[in-house]
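> Would you be able to build a 3D model of this:
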Amino acid sequence: MKKNLLTVLLAVGVITVANAQVRPTGGGAGSDSTRRAGSALGSGVTAQPKPYATVITNKAVTRKGMITTHKIEDKFFFEIADTLLGRDILVVNRISKSGADVRAAQGYAGDQIGSSVIRFEKGPNDRIFLRKVSFRTYGADSTTAMFQSLNNSNIQAIAASFNIAAYSPDKKASVIDMTAYLNSDNEILYFSSPAAKTRFRLGVQQADRSYILGVRSFPTNVEINVVKTYSQTAAASPFGSGAPAGGGGGAASGAATIELNSSLVILPKVPMKARYFDNRVGYFAVGYTDFDLNPQGVKEIELVKRWRLEPKPEDMAKYKRGELVEPKKPIIFYIDPATPKKWVPYLKAGVDDWAKAFEKAGFKNAVMGKIAPTKEQDSTWSLDDARHSAIVYKPSEIANASGPSISDPRSGEIMESHINWFHNVQKLVHDWYMIQTAAVDPRARKMTFSDELMGDLIRFVSSHEVGHTLGLRHNYGSSSTVPVENLRNKKWVEEYGHTPSIMDYARFNYIAQPEDNISKAGLYPRIGDYDKWAIEWGYRYFPDSKTVASDMKILDKMTTESAKNRRLWFGTETNPDDPHSQNEDLSDNAMVASDYGIKNLKVILTNLPEWTKETGEGYENLSTMYGQLTTQFGRYMGHVAKNVGGIYENPKTVDQTGLIYERTPAATQKAAMEFLNRQLFTTPKWLVNQPILDNIDQNPLEVVARLQGSTLSRLLSNNTMSKLVAAEATDGSGAYKITDLFTDLNNSIFTELKSTSAIDVYRRNLQKSYVDRLITIINPPAASAASQIITAGRGGGAAPSGLSASQSDVMSVVKGQLRDLNTNIKSASNTQSDSLSKYHLADLSDRIENALDKK
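Numbers count the residues shown, from 1 in each chain. Alright, predicted model coming up:
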């Protein structure tokens, strides 16, 4: 399970594991005769090196750096020093400039399109090999037979071969012609895989419309800029891997021209000391398979992604004494010069807010935002330079932001990050804030927020994305540690915030009521207790600990101690069963929290026509915000429904007391069903605001049916029902059983069968939806029959491989429910006087009988 939660980058290099230096297997040059077409890549004939002055003439424009580069007319040469041979180099490929056609496929300036690790090596016959190195498996001890076996099984691929055009005058460097390779469509630079091009609907490179813009060399990196023209493909092919050659995945449809940048960054000669992943703390990780640590098998190793933060040598004594010191190299994020000036201070503040968290790890001024220098201030500075991390502003209609990072696969060290800041994220945070807080914050009652309010919201999103680039994953469980009534306590919530982690998807305090008079300090997310603890765990430096293993002993004690404070708990974003780990939710009680949220939605709905009005405009704003409001209502239903069949997950080691998996108490599940009956299955007619619906052309029946149907689908899913069956097997009479679920559903959805009252149109639709879902379980469509596997769920107790519906009690119970329901429907139909209700009941009976009798 853990491996599925990780972001795994598989590349290669040297890794420090305890005191051992691990070299990726099979790295040496050999007699491989692989050649690539093109004059620079070898044509099958080895050219003899020429005198240096005849190759690098006085016409050369030379730039010294990690690799000395020479441009002679339209040719580009790399002068590779012997000291660089065998060094691991990280290649990061990005889009520099994007055309409209590529933007339509969500390809924007600054987007990363590939990465790999390479190594230059000297081969036989005066050649330089470029190896694409793989870091999938390791053996730490080079003296063992296992190490040699791994070596023989994992020779590193030679991606390209170059004739040495000349040796440097001191014979300590080799000159190779890179022109043809830079112009080619290869697996290292630019789009390094067919899938990368498919994403942007790009096909075959058009050589006559592609060229090299320039190559710049710096002390630790080389920047390559090219213009590439590709055939443009139509929509993705429905035939998968059988799509046309060229990586486009569809029929040709014109051409697309884009500017691309490849950064070659030398990795540290001595990797940072790694830190092993611990599933009790939420970090991204890189990984590999180790063949030495487990003497009776293999061991999957995960290393957390984090920046290298170390005290300056002269400050080490202060650090040991517990004094705050500045790191040798701080983490700096530059703000893209293209960013609208009024938002720059807020984006920068979102970065700077993390500085306080790093004080928990013993560092001051460890992270900061800076305004990128202008060309006049520093002509060598570039946003594409992989040495610089940045928040890149993108003119995109995408309502989002993201915080990716590139790390050293040998150690997990984060080398750089380009946070993607899409322009339309402002629309996203506007709609969130209006729907979640307009009942309590008058500033949110308009379609255009003040710059101050929008700036505050930008700052929160900036901090969240920076958290990702520091290595932190989402902590969806954080908000569940807060007692629901604390979120209405003005003093408490303004001091501590409504969630202990900004890495939660907790958004804004929708529980606060108008009479609580809570200020923005109690409404906005902020960097909280969990975030500070996670930063301390990831970045605390241990001067007297020499190995990874000894570091982990210290960290294990810290983590075990932290378990005593629930606010420091990490709840993964990928657990489908745990009601504590949900996005967009708040507090330790989804039912009470959602009741408060609905009270606010009712206030907002009443005022929505006025708050969305803009002179001279139509009703698009009202339509959009009504959709946002119903979506928020649907979220509340989902938060509550996840309690039914819920299984709490509490990551622990064997040294800690308590269970990892615990089923949600039956009383809590019962309370969830009571809520759903009261707020959803009893028609939420307050949502049917007819004056609003008449202005936005919305069918009220569809609005209600959509909300009820999605919740029914969750409750009647194979996963939910199988967990209830398993819970009964485990907990017996104390469990909330599958039969309890159906009793509660039938009592909610078919109340009219007992009262013989007329069934209105909303209820008729709900009852049809319910019956149709039961029928689909016993008679699934042919296309989906193969997917009717019921998994036990964590802690469930059924067979690990899962049971199909026909192999479990689910099929028996559903059929029994349909038979009982049909009996009750027929009985009620005999006493029903309303004609539409009578027709409806007869229809339901026919559907059930046809389904049960189906051969």
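> Every contact and neighbour count from this point should use C-alpha atoms.
Noted.
> In terms of pLDDT, where does residue 801 sit?
Note on residue 801: pLDDT of 42.
> And residue 140, by the same measure?
Confidence at residue 140, expressed as pLDDT, is 49.
> Kindly report the same for residue 234.
You'll see residue 234 listed with a pLDDT of 63.
> longest strand of the chain?
strand 252-266 (DSSP state E).
> ok, which stretches of the stretch 1-150 of the chain are strands?
15-17, 20-22, 61-63, 68-72, 75-81, 89-97, 112-123, 127-132, 137-138 (DSSP state E, counting those that start in this stretch).
> closest one to residue 541 among these?
strand 15-17 (16.1 Å; Cα to Cα).
> Please give the element, helix or strand, for residue 166.
strand 157-167 (DSSP states H and E).
> Next secondary structure after that strand?
Following strand 157-167 toward the C-terminus (DSSP H and E): strand 173-177.
> Parallel or antiparallel, list what pairs with that next one.
With DSSP bridges as the test, strand 173-177 is paired with strand 75-81 (antiparallel), strand 157-167 (antiparallel).
> what's the spacing between that strand and its chain's center?
Distance of strand 173-177 from the chain centroid (Cα atoms, centre = their mean, to the nearest Å) equals 41 Å.
> Give me the contact list for it.
Strand 173-177 has contacts (Cα atoms under 8 Å, 6 or more residues apart in numbering) with 40, 75-82, 128, 162-168.
> From the residues you listed, keep the buried residues only.
40, 76-81, 128, 162-168 (16 or more other Cα atoms under 10 Å).
> Relative to residue 701, which of the residues you listed is nearest.
Taking those together and measuring to residue 701 by Cα to Cα, the closest member is residue 76, at 67.0 Å.
> Specify the beta-bridge partners of the closest one.
According to DSSP bridges, the partner residues bridging residue 76 are residue 71.
> So it sits against residue 62, correct?
No. If you go by Cα atoms under 8 Å, residue 76 and residue 62 don't touch, sitting 9.9 Å apart.
> any shared contact partners between these two?
Between them, residue 76 and residue 62 share the contacting residues 69, 70, judged by Cα under 8 Å, 6+ apart.
> Would you mind confirming that residue 767 makes contact with residue 750?
Yes. Taking Cα under 8 Å as the definition, residue 767 is a contact partner of residue 750 at 7.1 Å.
> just so I have it, where are all the strands in the stretch 301-450 of the chain?
Under DSSP E, counting those that start in this stretch, the stretch 301-450 of the chain gives strands at 331-335, 367-371, 389-394, 401-402, 406-407, 414-416, 418-422.
> Listing partners with orientation, what would you give for the second one?
Taking DSSP bridges as the criterion, strand 367-371 pairs within the sheet with strand 331-335 (parallel).
> Can you tell me what sits against the partner strand?
Residues outside strand 331-335 that contact it (Cα under 8 Å, 6+ apart): 307, 344, 347-348, 351, 366-372, 388-392.
> Tell me the buried residues in that strand?
Quick answer for strand 331-335 (16+ other Cα under 10 Å): 331, 332, 333, 334, 335.
> low-scoring stretches of the chain, by residue?
Low-confidence segments of the chain, defined by pLDDT under 70: 1-46, 99-110, 136-155, 192, 234-253, 289-298, 783-806, 855.
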